[in-house]
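>>> Need the 3D shape of this:
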Amino acid sequence: MSTPAPCCSSRRWRRCTHCAGRSLVAELRSADPDRGEVDALSLEVLDAVRQVPGGSPGPGERSRAVVDRLLTEAQARYCDPDLDLVAEALALGMSRTRFVHVFRDVVGLTPHRYIVELRTSHAARLLLRTQASVTDICFDSGFGSMPRLHAAFRAAYGMTPSAYRAARRDVADFAA
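The predicted structure follows:
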């Protein structure tokens, strides 16, 4: 498990949660996220959320079960542009608001942000491992349009997908 950030102390639980959440997002954005590290960071975020001083006990068993089920669904189907976790939560009897709150409590991200992170990291892996066009990668990763891919990619990596591919290939060529 990763070591806690230096800003984390018993009085700064929010910052600890924030650091663990940021580390989780960074790992998900990496070109090849380590599944064990993602799991460890997810548990770290969960532990930090559970230790809120004076806070409520958190989501109940049923709510957690719904989130766990939909997390599994998201990990299996994030490349499907029609994936709608909120609609699936509604079908399972949980309101949109409750689902978003419970999901954020458990995962550390909203459902939408979680899916975008999965899609963006998938697109980054495809950019590095294949010669497919950016347009093909966009739709293969579950983005409904090129502007959505570009916006998500800029937010995650600070550059366009094409620039990311070129920059990473330059680094690989330099290392070889």
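>>> Tell me the secondary structure at residue 109.
coil (DSSP: H, G, I helix; E, B strand; the rest coil).
>>> Neighbours of it, how many?
19 (other CB atoms under 10 Å). Where C-beta positions appear, they are placed from N, C-alpha and C, glycine not excepted.
>>> any idea how far it is from residue 22?
From residue 109 across to residue 22, the span is 11 Å (CB to CB, to the nearest Å).
>>> what's the average pLDDT for stretch 21-30?
The average of the pLDDT scores along stretch 21-30 is 81.
>>> repeat for stretch 65-72
Mean predicted lDDT for stretch 65-72 stands at 90.
>>> Can you tell me what sits against it?
Contact partners of stretch 65-72, identified using CB atoms under 8 Å, 6 or more residues apart in numbering, comprise 59, 85, 88-89, 92-94, 99, 102-103, 106-107, 111.
>>> do that again at 7 Å, thanks
Residues from elsewhere that reach stretch 65-72, judged by CB atoms under 7 Å, 6 or more residues apart in numbering: 85, 88-89, 92, 94, 102-103, 106-107.
>>> out of the residues you listed, who's nearest residue 63?
The nearest member of these to residue 63, counting by CB to CB, is residue 102 at 4.5 Å.
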